[in-house]
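Novice: let's see this in three dimensions:
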Amino acid sequence: MYKVLIVDDEYMILMGLQKLIDWESLNLTIVGTAKNGQEALDFVVANPVDIVLTDVTMPLLSGIEFIKEAQRLNQQFKTIILSGYQEFDYIKEGMQLGAANYLVKPVDKIELKETLLKLINELDSQKENFQNEDLLYRSMLNDWLLNTVDYDALNRWATSSGRTIVSENYQVVLFKIKPKEQESLKKELLSNSHYLFFMVSETELAVIVMDSRKDELMFDLTTKMQDNVLVFEGTVVATMEEVGGSYQTAKGKLETFTFYDKDILIVEKEKSSQFLPESFKQFAEVLALQDLTKIKAAMQEILTHFEQNVEQPKMVKQHANLLLMHLHLQFTFIENTLFQEKINEVNQAKKLKDVENILLEMLQIIELDEHLVIYSPITQQVIELVQTSYREDLNLKMIAKKLHVNVMYLGQLFKKETKKSFSTYLNDYRIKLAQNLLLHSTDPINDIALNVGYQSSGYFYKNFKKKCGVSPKEFREHYLNRK
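Specialist: Residues are numbered from 1 along each chain as shown. You can find the predicted model right below:
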């Protein structure tokens, strides 16, 4: 409903106008009354109003003075002027100020209704135009930030809408704000042509700052809003084509802040990635023994490292997916659908705690599964030999001789407990180590193959693709490109 304010210094007029017509049937609601122009001015500054019916002659501020002052303060509303008699000068000045009509008291019900209907049509048209303009505005800025905009179209839009987007430099700043602070922040930004902004979510506002005005913006906002806003700065760039990169930097900082829930105002800089080849190797070793207590501890150590070093969320999720992949390779009874479900949950996680809970849930599912087998001492010895001698040309016959057991008995026992033949188990273990090295080192793929025990690079490529679905090169590129 459109909001109406009635202004008159006569009490009976105020009461009579409220009852003169059925306001609600016109989609109008009377949100306030005022006895003089000053009261009316205070009201419209503090409250949104669409239509004002105001008397002319009143104490403190006249109706005409009230309209002038409201316009000076950039208060937007439609006006109907009321008076007890025809006064040409008032009519002329009121019309010059944009009044829709000049009604003589006592107000004629039909004339008032016709005037209001005319104003409602104008407000409806303005609202539709504003929505279309706002949609185009948001679309242009969104495409600009995502670097998918047609820059010729962007320049034409800016010219036609009277906006300036040519600047010596640009910087994207993201604000995380409380809903109650949104309007005051928008008003502050609207007062300066050096900022373009729009809400990218219910609590996040993106601002494109031009001509190095970021320090001025930050001073104004931190002074007025204090602790009610969080600020995430993108890099300063020289061209409009680089604005998308500045946005990605700011967005990465905001995502990192949200992911770790750190109690800080501004994330100053991005941390460089800290890889964990040894931690992942230790994880692979305890995983091979199927000791869930040690698996959980090793996993927690990796997650603690991420939190302490404030690693990028994408990188944390990538490594969490690698942990899930190792669990899936080790515990073959895990259904592919469950594995993929957990991968999807990790990718959609908003916080580090969510990632941790997903991994712990997977361990709990494994622990409660009836297929989980606690390895016998002999099987554990075989696994330990694999972990220490995987680079050698291992076979079951050599291990049986070393452990002083029958090779056929050892093969049957090992397969019964691990659900894999010895050769399959050894191959899977080597593949897990190769995955870690592909991500945590820059070693050539042929060197990695030798390092994990494959004498033939071709055989390594064949086994890796069979197990992982992609070649070693594709595996490395896929994960590293997601960081």
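
Novice: all contacts plus neighbour counts: C-alpha atoms, from now on.
Specialist: Will do.

Novice: OK, contacts around Leu154?
Specialist: By C-alpha atoms under 8 Å, 6 or more residues apart in numbering, the contact list for Leu154 reads Met140.

Novice: what about it, distance to Ala349?
Specialist: Distance, Leu154 to Ala349, using C-alpha to C-alpha, to the nearest Å: 34 Å.

Novice: any idea which helix is longest in this structure?
Specialist: Among the segments of the chain that qualify as a helix by DSSP state H, the longest is helix 109-145.

Novice: list the buried ones in it?
Specialist: Residues 112-113, 116, 119-120, 123, 137-138, 140-142, 144-145 are the ones in helix 109-145 that count as buried (16 or more other C-alpha atoms under 10 Å).

Novice: for the helix or strand harbouring Lys473, give me every contacting residue.
Specialist: For Lys473, the element it lies in under DSSP states H and E is helix 472-480. Applying C-alpha under 8 Å, 6+ apart, the contact partners of helix 472-480 are Gln318, Gln435, Leu438, Leu439, Ile445, Tyr461, Phe464, Lys465.

Novice: for Val149, which non-adjacent residue is spatially closest?
Specialist: Spatial nearest neighbour of Val149, excluding adjacent residues (C-alpha to C-alpha, 6 or more residues apart in numbering): Asp143 at 4.7 Å.

Novice: may I have the helix or strand containing Tyr425 as CSV, with CA atoms only?
Specialist: Using DSSP H and E, Tyr425 sits within helix 422-440. Listed next in CSV are the C-alpha coordinates belonging to helix 422-440 (Å, rounded to 0.1, in the frame of the first residue of the first chain):
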residue,chain,number,x,y,z
PHE,A,422,47.8,-58.4,-2.0
SER,A,423,48.7,-57.0,-5.5
THR,A,424,45.5,-54.9,-5.5
TYR,A,425,46.2,-53.6,-2.0
LEU,A,426,49.7,-52.7,-2.9
ASN,A,427,48.6,-50.9,-6.1
ASP,A,428,45.9,-48.9,-4.2
TYR,A,429,48.4,-47.9,-1.6
ARG,A,430,50.9,-46.7,-4.2
ILE,A,431,48.0,-44.8,-6.0
LYS,A,432,47.2,-43.0,-2.7
LEU,A,433,50.8,-41.9,-2.3
ALA,A,434,50.9,-40.8,-5.9
GLN,A,435,47.8,-38.6,-5.5
ASN,A,436,49.4,-36.9,-2.5
LEU,A,437,52.6,-36.2,-4.5
LEU,A,438,50.8,-35.0,-7.5
LEU,A,439,49.1,-32.3,-5.4
HIS,A,440,51.9,-31.6,-2.9
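
Novice: flag every buried residue along it.
Specialist: Buried-residue list, helix 422-440, by 16+ other C-alpha under 10 Å: 422, 425-440.

Novice: check stretch 338-346 too.
Specialist: By neighbour count with 16+ other C-alpha under 10 Å, stretch 338-346 contains the buried residues Phe339, Lys342, Ile343, Val346.

Novice: domains of this protein?
Specialist: Residue ranges for the domains of the chain, per automatic domain parsing: 2-125, 162-260, 277-368.

Novice: would you list the ones you listed in JSON lines and tack on distance to Gln380?
Specialist: As requested, the domains of the chain are exported to JSON lines (distance: least, C-alpha to C-alpha, whole Å):
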{"stretch": "domain 2-125", "distance to Gln380": "75"}
{"stretch": "domain 162-260", "distance to Gln380": "38"}
{"stretch": "domain 277-368", "distance to Gln380": "6"}
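
Novice: want to throw the buried residues of stretch 338-346 into a markdown table with distance to Leu403?
Specialist: Listed next are the buried residues of stretch 338-346 as a markdown table, based on distance: C-alpha to C-alpha, whole Å:
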| residue | distance to Leu403 |
| --- | --- |
| Phe339 | 36 |
| Lys342 | 39 |
| Ile343 | 39 |
| Val346 | 42 |
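
Novice: among the residues you listed, which are in helices?
Specialist: Judged by DSSP H, those include Phe339, Lys342, Ile343, Val346 as members of helices.

Novice: which residue is the nearest non-sequential neighbour of the third one?
Specialist: Spatially, and ignoring its direct neighbours in sequence, Ile343 is nearest to Asn321 (5.9 Å; C-alpha to C-alpha, 6+ apart).

Novice: which residues does Met210 bridge with?
Specialist: With DSSP bridges applied, Met210 shows beta-bridge pairing to Tyr170.

Novice: any idea how far it is from Met199?
Specialist: Distance from Met210 to Met199, counting by C-alpha to C-alpha: 18 Å.

Novice: between the two, who's got more neighbours?
Specialist: Neighbours were counted for Met210 and for Met199 using other C-alpha atoms under 10 Å; Met210 has more, 23 against 17.

Novice: and that one, what does it touch?
Specialist: By C-alpha under 8 Å, 6+ apart, the neighbours of Met210 are Ile165, Ser167, Glu168, Asn169, Tyr170, Gln171, His194, Tyr195.

Novice: weed out the non-buried ones from those.
Specialist: Ile165, Asn169, Tyr170, Gln171, His194, Tyr195.

Novice: show me which residues of the helix or strand where Thr249 lies are buried.
Specialist: Take DSSP H and E as the rule and Thr249 turns out to sit in helix 243-260. For helix 243-260, a neighbour-count test (16+ other C-alpha under 10 Å) marks 243-257, 259-260 as buried.

Novice: does Met362 lie in a helix or a strand, and which?
Specialist: Here Met362 sits within helix 352-368, counting by DSSP H and E.

Novice: I'd assumed Tyr137 was in contact with the residue nearest to Val149.
Specialist: No - between Asp143 and Tyr137 there is no contact under C-alpha atoms under 8 Å: 10.1 Å.
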